[in-house]
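In: my questions concern the predicted model and sequence given below.
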Amino acid sequence: MAGPQRGEMSATRPSSVATPFAPATADGVLAVDVGGGGVRAGVFGRDGSLRSLVSGPPPSDGEQFNPDWTWLAVAEAIRSLTSRRIQVRAVGVTTHLATTLTDAEGQPTTSAMLWRDNRASQDARDLEAALGPELRRVTGREASGESAAARMRMLTRTSPALLGRTRWLLSLKDYLVLKLTGAACTDTASASYTQLFDVRRRQWSPAIAQECGVPAAILPPTFPATTLAGRVTAAAALVTGLVPGTPVAVGGPDGSTGALGVAAHQAGVTVDVAGTTDVLLHTADAAPEHQGPGVVLNAYLLPGLWTLGGPTGLTGGGLDWLAVTMGYQSAAAAYQALEPALDAADPGDLMIRTTLTGRRLPGWDAGQRGRMEGLSAEHGPVHLLRAAEEGSIFEVRLGIDALHSGGTTVSQVILAGRPATSARAAQLRANAWGIRVGRDSDEYASLRGAALAASVAGGYFADARQAATALVAPLEWYQPEPAGATAAEERYQRWRSVMAAS
């Protein structure tokens, strides 16, 4: 790896030759996943087994936060594993989306902006007005206040001195990789979400960067997720307990990495990564000229692949909100108490939309809010949970319909995330979506995807296909039930009609 220039972190791509794993004594690869539900860190063996896992609460609250809080939480989680004398041979990182700016020493120059921060919505509209249809053609998405492009345009207006102190424009995941290795880089999926990236050419767009006042020098080099980003520095080793020189993968955002964690390493695979929000992704080996209304086109984590789809608004996060509002500690606690009665509960006219913080797929409407219709005195907690569960599943159905309308054939979906642990949840989705649904019975898809990237970057496997064969378990498939699918279709059409009126 080339040495860093004086006074700044390295932006040079490290050697692509990975150090092979030591035989027998290696415990496996370390994966870190930071999302709305908190921080998870786990060690996976070469056979795909999850050998050790730690988790902690979210390191921040709200739409803005100090990235160092996240780094400290991640370092603590890693140290809790390394203190058990677990040998880590490579590291992979994934996080939810957030814009992070740092100086030449790798220190944040401002608070990071989480995906749900839409203060730059007006700047997004101004950017769209300035560039017209070319913006969507180049970036594969509609203008959005949560994009780094709009945010940088806003900061150029409101905090012009900030750019003078900024060396790198990164995602939160990139920032953690920087803290671990000293190397500034990003992956093609994270770059796509900035709306500063030409997703078809897989390179930064000088024209969009100029329009947003973004100096080209602060945009990091981009690589596939399985590339070796760098190696753990002595400083990072001191706070994490990792061995200096441990390989670290470039990694990717949690939704895309979750898709990788259920073997989306080739074209034609559709994955729904369910969490605080769902991320619906269909892989393709060519970037279509038109992807359908409200559908996002991204350069995928792997070379030669793109994804169609994108993140939804709140789904699981909306269920959590409702559960806490009803007096439960979480959605999981509400399910534990109410699930035996859920299937028998008929919500009737009660319908709920869970998008409390705006909708993203299909379309991008930051102003949309949740909605409850048809509530009556006969409804209790079990009906509320059932209607919200239904609403969150219908949000994904909207995305599937948008893919179909754009010419993308979705004949089956792999379900990942916590709902994948439930046969009931998989069957509900098969009925509501009218297609075959597979589940991997593992709620840690994003964590596994990060481990997969690390295993390739660290030399365990030659490529993602080989790694997926070893690390990803076989799927269990569910077909739509005739009666259940008919009832779900009727409910969906009613729900869509009612919600379209708001």
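Out: Received it, and whenever you're ready, just let me know what you need.

In: mind listing the helices for the stretch 251-400 of the chain?
Out: Assigned by DSSP state H, counting those that start in this stretch, the helices in the stretch 251-400 of the chain fall at 254-260, 316-325, 331-342, 381-405.

In: got CSV for those, with mean neighbour count and distance to Ala184 too?
Out: In short, each C-beta sits where N, CA and C put it, glycine included. Putting the helices of the stretch 251-400 of the chain into CSV (neighbours: other Cβ atoms under 10 Å; distance: least, Cβ to Cβ, whole Å) gives the following:
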stretch, mean neighbour count, distance to Ala184
helix 254-260, 33, 19
helix 316-325, 20, 31
helix 331-342, 16, 37
helix 381-405, 22, 33
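
In: show me the shaky parts of the stretch 201-350 of the chain.
Out: Regions of the stretch 201-350 of the chain meeting the criterion pLDDT under 70 are absent.

In: same question, the chain
Out: Under the criterion pLDDT under 70, the flagged ranges of the chain are 1-26, 60-64, 502.

In: distance check, the residue nearest to Ala337 when sequence neighbours are not counted against Leu319.
Out: Spatially, and ignoring its direct neighbours in sequence, Ala337 is nearest to Tyr328 (6.9 Å; Cβ to Cβ, 6 or more residues apart in numbering). Computed as Cβ to Cβ, to the nearest Å, the Tyr328 to Leu319 distance reads 10 Å.

In: sec struct for Asp117, please.
Out: Under DSSP: H, G, I helix; E, B strand; the rest coil, the three-state class of Asp117 is coil.

In: how close does it get to Gly309?
Out: Distance from Asp117 to Gly309, counting by Cβ to Cβ: 22 Å.

In: who's more crowded, the two?
Out: Comparing Asp117 with Gly309 by other Cβ atoms under 10 Å, the one with more neighbours is Gly309, at 31 against 21.

In: what sits against that one?
Out: Contact analysis of Gly309 by Cβ atoms under 8 Å, 6 or more residues apart in numbering lists Thr270, Val279, Leu280, Leu281, His282, Val295, Val296, Leu361, Gly399, Leu403.

In: at 10 Å instead, please
Out: 255, 259, 270-272, 278-283, 291-292, 295-298, 361-362, 396, 399-400, 402-403, 408, 410 (Cβ atoms under 10 Å, 6 or more residues apart in numbering).

In: leaving out sequence neighbours, find the closest residue to it.
Out: Closest residue in space to Gly309, ignoring its immediate chain neighbours: Leu280 at 4.1 Å, by Cβ to Cβ, 6+ apart.

In: same check, this time on Phe65
Out: Ala112 (5.7 Å).

In: how far away is the residue nearest to Gly309 from Ser446?
Out: 15 Å.

In: could you do Ala209 as well?
Out: According to Cβ to Cβ, Ala209 stands 29 Å off from Ser446.

In: and those two? Which one has more around it.
Out: Ser446 (33 against 20).

In: do I have it right that Leu305 meets Leu297?
Out: No - using Cβ atoms under 10 Å, Leu305 is not in contact with Leu297; the gap is 11.7 Å.

In: neighbour count winner among these two?
Out: The residue with more neighbours, out of Leu305 and Leu297, is Leu297; 25 against 22, by other Cβ under 10 Å.

In: what are the ranges of the strands in the stretch 351-500 of the chain?
Out: Applying DSSP state E, counting those that start in this stretch to the stretch 351-500 of the chain gives strands spanning 351-353, 371-373, 412-417, 436-439, 476-478.

In: tell me which of these sits nearest to Leu219.
Out: Leu219 sits nearest to strand 412-417 of all the strands of the stretch 351-500 of the chain, at 30.4 Å, using Cβ to Cβ.

In: for that closest one, packing partners?
Out: helix 254-260, strand 270-274, strand 277-284, helix 381-405, helix 423-433, strand 436-439, helix 445-457, strand 476-478 (3 or more Cβ pairs under 10 Å, 6 or more residues apart in numbering; DSSP states H and E).

In: Serialize these to JSON lines and add fields for distance to Thr240.
Out: Formatted as JSON lines, the helices and strands packed on strand 412-417 follow (distance: least, Cβ to Cβ, whole Å):
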{"stretch": "helix 254-260", "distance to Thr240": "20"}
{"stretch": "strand 270-274", "distance to Thr240": "27"}
{"stretch": "strand 277-284", "distance to Thr240": "28"}
{"stretch": "helix 381-405", "distance to Thr240": "36"}
{"stretch": "helix 423-433", "distance to Thr240": "35"}
{"stretch": "strand 436-439", "distance to Thr240": "33"}
{"stretch": "helix 445-457", "distance to Thr240": "14"}
{"stretch": "strand 476-478", "distance to Thr240": "36"}
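
In: minimum distance to Glu339: which of these has it?
Out: Ranking these by their distance to Glu339 (criterion: Cβ to Cβ) puts helix 423-433 first, at 7.7 Å.

In: now find how far off-centre that closest one is within its chain.
Out: 22 Å (Cα atoms, centre = their mean, to the nearest Å).

In: pull out the buried residues from that helix.
Out: For helix 423-433, burial by neighbour count (16 or more other Cβ atoms under 10 Å) applies to Ala425, Ala426, Gln427, Leu428, Arg429, Ala430, Asn431, Ala432, Trp433.

In: for these, which one is nearest Ala143?
Out: Looking across the buried residues of helix 423-433 and measuring by Cβ to Cβ, the closest to Ala143 is Trp433, at 29.0 Å.

In: that closest one against Ala488, yeah?
Out: Yes - at 8.4 Å, Trp433 counts as touching Ala488 under the criterion of Cβ under 10 Å.

In: spit out the residues that contact the two alike.
Out: Common neighbours of Trp433 and Ala488 (Cβ under 10 Å, 6+ apart) are Ile393, Phe394, Arg397, Pro480.

In: quick revisit: ok, which of the strands of the stretch 351-500 of the chain comes nearest Ala501?
Out: strand 371-373 (8.8 Å).

In: can you give me how far that closest one is from the chain middle?
Out: 27 Å.

In: mind listing residues that contact that strand?
Out: For strand 371-373, using Cβ under 10 Å, 6+ apart, the contacting residues are 322, 349-356, 379, 384, 387-388, 391, 494-495, 498-499, 501-502.

In: okay, now the domains of the chain?
Out: 28-254, 263-439+472-502 (automatic domain parsing).

In: no more questions from me, cheers.
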